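Trainee: The following block contains a protein sequence and its predicted model.
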Amino acid sequence: MKVMKFGGGCLKDSKHFLIVAEIIKAEKDSAVVIVSAMSGVTNLLEDGIQMSMESEKNVSEIIKTIRDKHKDIAEALIRNDDIKHRTLEEIEVRLKKLEKLFYGVTYTGEITESVKANILSYGERLSAIMLSGVLKSLGKDAIAMEADQIGIITDESFENATAMLPEASKNLRSEVLPLVRRGAIPVITGYFGCTLEGKITTFGRNGSDYSAAVVANGIGSSLLEIWKDVEGFMSADPKIVECPHRIDKLSYYEAAELSYFGAKIIHPRTVEPLVHIRVPIHIRNLYEPESEGTEVLPGGYEREDVIKSVTYNKHISILRIHGPGVGYKPGIIAEIGRLLSDMEINIYSVITSQTCINLLIGKNDSRKSYESIKKLADGVIEKVNLENNIALIAVVGEGLLKRKGVISRVFSAVAEEDINIEMISLGASEVACYFIVIEDDVEKAINAIHREFFKEIK
């Protein structure tokens, strides 16, 4: 039994829905399907929140746009009138509920975290109904299932929830496995779950990968397939490097580090629910279903030249917190961490010295982080600086810390391009090293490293 997850890039229009449905139909093993929202719909929902705050006249326009996107697919792909009618009817029921949520935002003039999460869950709800309708029209017994209805229980973080695996697994075994045993195909919403009290929570953007891993854990799946509109993990970003190479195999930890530091192939937390059950992940290409893709396995292997990929993240900033004793004073890092945590700001990394604490944070959070930490300035904190014109580069590969000379080759390649390195972190991970450069130097640095480690690959 396998779990098959299809992202928004696989669900762009009627052509893509049909490709997805045909792939599922051709599957010989028992399968459980996880879906993201149709491409662009989550953005429409986010825009809709703002538009509904501005005027109630905007609500009908938002709903019509979303309705039309899904209706067009039903009209194009579902030939059976009865199946088409029932599919559109189920979509209309969800749209009426969504409409009420938007009007609630209009009349209150505000949006709570709980209501926002609920609104954003509707992209996946509609997508599951639509894909199950298309599968039914192809003769498959497909059943749309919503995460909150089948009990994918999470903690109470509305924008970056964590599944409570024991509770979620118990519910999934009860709700999903009987359908699989009878030969049906459950089509389950990704991206969101619910608290024990039934409030909707989300796993963050691209969180459907994490949803799929939670389901794979819960039902005891032997394989998790993540279908994308790309080949899999690459040795570098094809937009930057002329001839990158597809990576055949990665370990859980290599994939997690690559995803965390910028390679948007899978959600960084996808491996979390799978670590103890050691289920392999297979990244598959929608346009080349026969392609091998990338396998993400519990164990790793060491490539001859060690480095498997180099990735980057331009969406970060550095907060430098200066003071003659900041690295010595007990509790100061914890105090800063609590302050940012209460604002739901993630700290990518912390690098300290006696006189400076350096925080890597998302660029979108940089200004409010800076203003908040400035208020802590006292006898220990002398000043706070914010640097935005930077980027993070990460090199990832099993054996990176053990093989002599690998790191020196990385930095020599960068130095030959006359690029200055602002900051380095080595040793925090056994499979990754990262460093900071000026944003304008990213492409030169990536290409230099890629030439150094991949020039001999055919």
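Mentor: Noted; the coordinates are in hand.
Trainee: and stretch 419-429, which residues are buried?
Mentor: By neighbour count on 16 or more other Cβ atoms under 10 Å, the buried set for stretch 419-429 is 419, 421-423, 425, 429. Placement of C-beta: from N, CA and C, glycine included.
Trainee: Flag the shaky bits of the stretch 351-458 of the chain, pLDDT-wise.
Mentor: Flagging of the stretch 351-458 of the chain using pLDDT under 70 yields the residue ranges 377-379, 456-458.
Trainee: now the strands: where do they sit in it?
Mentor: Secondary structure of the stretch 351-458 of the chain (DSSP state E, counting those that start in this stretch): strands located at 356-362, 383-387, 390-396, 423-426, 432-438.
Trainee: Direction included, what does the second one pair up with?
Mentor: Right, strand 383-387. strand 316-322 (antiparallel) (DSSP bridges).
Trainee: and the next element down the chain from the partner strand?
Mentor: As assigned by DSSP states H and E, the chain's next helix or strand after strand 316-322 is helix 332-342.
Trainee: roughly how far is that next one from the heart of the chain?
Mentor: Remark: helix 332-342 is offset 25 Å from the chain centroid, using Cα atoms, centre = their mean, to the nearest Å.
Trainee: Check which helices and strands it sits against.
Mentor: Counting contacts by 3 or more Cβ pairs under 8 Å, 6 or more residues apart in numbering; DSSP states H and E, helix 332-342 packs against strand 347-352, strand 356-362, helix 366-374.
Trainee: Residue 304 is nearest to which of the strands of the stretch 351-458 of the chain?
Mentor: strand 390-396 (15.4 Å; Cβ to Cβ).
Trainee: Of the strands of the stretch 351-458 of the chain, flag the one that's most buried.
Mentor: strand 390-396 (a mean of 24; mean count of other Cβ atoms under 10 Å).
Trainee: Dump that one to CSV, restricted to CA.
Mentor: Output of strand 390-396 as CSV, limited to C-alpha atoms (Å, rounded to 0.1, in the frame of the first residue of the first chain):
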residue,chain,number,x,y,z
ILE,A,390,22.6,38.8,2.0
ALA,A,391,22.0,35.2,1.0
LEU,A,392,22.6,31.8,2.4
ILE,A,393,24.4,29.0,0.5
ALA,A,394,24.3,25.4,1.7
VAL,A,395,26.4,22.5,0.5
VAL,A,396,24.9,19.1,1.4
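Trainee: Next, the angle from that strand to strand 316-322.
Mentor: In terms of direction (axes from the mean of the first three to the mean of the last three Cα atoms, to 10 degrees), strand 390-396 departs from strand 316-322 by 110 degrees.
Trainee: Show me the contact partners of strand 390-396.
Mentor: 254, 257-258, 261-262, 307-314, 316-318, 348, 360, 410, 422, 431-439, 441-442, 445-446, 449 (Cβ atoms under 8 Å, 6 or more residues apart in numbering).
Trainee: With stretch 85-98 instead?
Mentor: Outside stretch 85-98, the residues that reach it (Cβ under 8 Å, 6+ apart) are 63, 66-67, 70-71, 74, 78, 119, 122, 125-126, 129-130, 132-133, 136, 144.
Trainee: redo that, cut-off 6 Å
Mentor: Applying Cβ atoms under 6 Å, 6 or more residues apart in numbering, the external contacts of stretch 85-98 come out as 63, 67, 70, 74, 122, 125-126, 129, 133.
Trainee: From the chain's centroid, how far away is it?
Mentor: For stretch 85-98, the distance to the chain centre is 28 Å (Cα atoms, centre = their mean).
Trainee: In it, which of the residues would be classed as buried?
Mentor: Of the residues in stretch 85-98, those buried (16+ other Cβ under 10 Å) are 87-88, 90-91, 94-95, 98.
Trainee: same thing with stretch 74-86?
Mentor: 74, 77-78, 83-84.
Trainee: all strands for the stretch 51-200 of the chain, in order.
Mentor: Going by DSSP E, counting those that start in this stretch, the stretch 51-200 of the chain shows strands at 142-145, 185-189, 192-194, 200-202.
Trainee: ok so, going back, what about burial for the contacts of strand 390-396, which qualify?
Mentor: 254, 257-258, 261-262, 307-313, 316-318, 348, 360, 410, 422, 431-437, 441-442, 445-446, 449.
Trainee: where does this structure dip in pLDDT?
Mentor: Applying pLDDT under 70 to the chain flags residues 377-379, 456-458.
Trainee: care to break it down by domain?
Mentor: 2-229, 309-454 (automatic domain parsing).
Trainee: Which one of those domains lies nearest to residue 299?
Mentor: Across those, closest to residue 299 is domain 309-454 (Cβ to Cβ), at 9.3 Å.
Trainee: Can you give the contact residues for stretch 328-346?
Mentor: Contacts of stretch 328-346 with the rest of the structure, by Cβ under 6 Å, 6+ apart, involve 326, 365, 369, 372, 380.
Trainee: Contacts only, for the last one.
Mentor: With contact set as Cβ under 6 Å, 6+ apart, residue 380 has these partners: 323, 325-326, 329.
Trainee: and residue 124, what is it in contact with?
Mentor: Neighbouring residues of residue 124 by Cβ under 6 Å, 6+ apart: 37, 189-191.
Trainee: before we move on, what about residue 11?
Mentor: Contacts of residue 11 (Cβ under 6 Å, 6+ apart): 38-39.
Trainee: For it, give its distance to residue 227.
Mentor: Separation of residue 11 from residue 227 (Cβ to Cβ, to the nearest Å): 10 Å.
Trainee: Same question for residue 36.
Mentor: Taken as Cβ to Cβ, the span from residue 36 to residue 227 is 10 Å.
Trainee: Comparing the two, which shows the higher neighbour count?
Mentor: Between residue 36 and residue 227, counted using other Cβ atoms under 10 Å, the more crowded position is residue 36 (28 against 24).
Trainee: Test my guess that the more buried one contacts residue 208.
Mentor: Yes: using Cβ atoms under 6 Å, residue 36 is in contact with residue 208, at 4.3 Å.
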